[in-house]
Every structure is written in structure tokens, then in C-alpha cells.
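J.: 3D model of this:
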Amino acid sequence: MTNLETRGHLLTEQANASSENLDRLTSLELVDLFNREDARTLLAIAHARESLAQAIDLTTQALKKGGRLFYVGAGTSGRLGVLDAAECPPTFCSPPELVQGIIAGAQGL
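T.: Have a look, this model is predicted:
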């Protein structure tokens with residue numbers, strides 16, 4: 001089975017009908033499409049605002065008690081987690097061990 005066959009039920013793995021014809025759009029149509037899709041993200045965040053605030057509060061409490069933050073992911077999400085973790089020390093002057101990125105499949109890191 002391919003990844004699409006085993007994960008096709010996930011929203012993030014489904015084809016977006018709005019972007020099926022990217023190669024036929026004008027530059028302005030492309031920018032408009034990106035803008036519409038970005039607006040959907042903001043709406044999703046607005047719907048999840050209470051859950052997101054709760055997650056932030058729980059993470060803050062854990063960090064104040066000496067906990068650490070781990071980003072765990074695979075593929076692009078894993079790479080972005082590692083990148084975000086790497087940015088914390090220079091951006092927030094945090095200890096390097098406070099925020100860690102773990103990417104699936106990586107060896108010897």
C-alpha cells in the first residue's frame with residue numbers, strides 16, 4: 001500500500017480541488033488562490049482558539065516546572081519542528097536543551 005492509500009482519509013493528505021490547475025492560472029489568479037487558502041487557515045485557528053490557548057498554558061506551566069518542549073514529526077513537519085527548535089536559543093536566549101526537535105527516520109543526529 002502507498003502512503004496515500006493508508007493515509008488518504010487525513011485532510012492533509014487529500015488533493016485540494018482548488019489547486020488542481022495551478023499550471024493554468026495567471027499570476028494574479030495564483031496569488032488570489034493562495035490568499036483564499038491562507039484565509040481558511042485563519043478560520044481554522046479561530047475555531048481552535050480555546051484548545052490552542054489551553055495547550056499554550058499547559059506548556060508554559062510545564063516549562064516553568066523545569067520541563068522541556070519536544071517537537072516530534074516526520075517529513076516536512078519534522079523538519080519544521082527541528083528548524084523551530086534550532087531557532088529558540090538565538091531568538092529567545094533559551095538553553096539549547098530546552099526545546100528539542102526529533103524527526104522520524106533520522107539517524108546519528
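J.: pLDDT of stretch 55-63, averaged?
T.: Averaged over stretch 55-63, pLDDT sits at 97.
J.: what residues does it touch?
T.: Around stretch 55-63, the neighbours that count as contacts under Cβ atoms under 8 Å, 6 or more residues apart in numbering are 69, 98. C-beta: built from backbone N, CA, C; applies to glycine.
J.: distance from that stretch to the middle of the chain?
T.: Taking Cα atoms, centre = their mean, to the nearest Å, one finds the center of stretch 55-63 at 18 Å from the center of the full chain.
J.: stretch 71-86: how far from the chain's middle?
T.: Counting by Cα atoms, centre = their mean, stretch 71-86 is centred 8 Å from the centre of its parent chain.
J.: list the buried ones in it?
T.: 71, 78, 81-82, 85 (16 or more other Cβ atoms under 10 Å).
J.: narrow those residues to those in strands?
T.: Among those, DSSP state E puts Tyr71 in strands.
J.: and the two most separated of the buried residues of stretch 71-86?
T.: The span of the buried residues of stretch 71-86, defined through Cβ to Cβ, is set by Gly78 and Ala85 at 10.7 Å.
J.: against Ser51, how distant is the nearest residue in space to Val72 that is not next to it in sequence?
T.: In this structure, Val72 finds its nearest non-sequential neighbour in Ile102, 4.7 Å apart by Cβ to Cβ, 6 or more residues apart in numbering. Per Cβ to Cβ, to the nearest Å, Ile102 is found 23 Å from Ser51.
J.: same question for Leu80.
T.: With the distance defined as Cβ to Cβ, Leu80 ends up 20 Å from Ser51.
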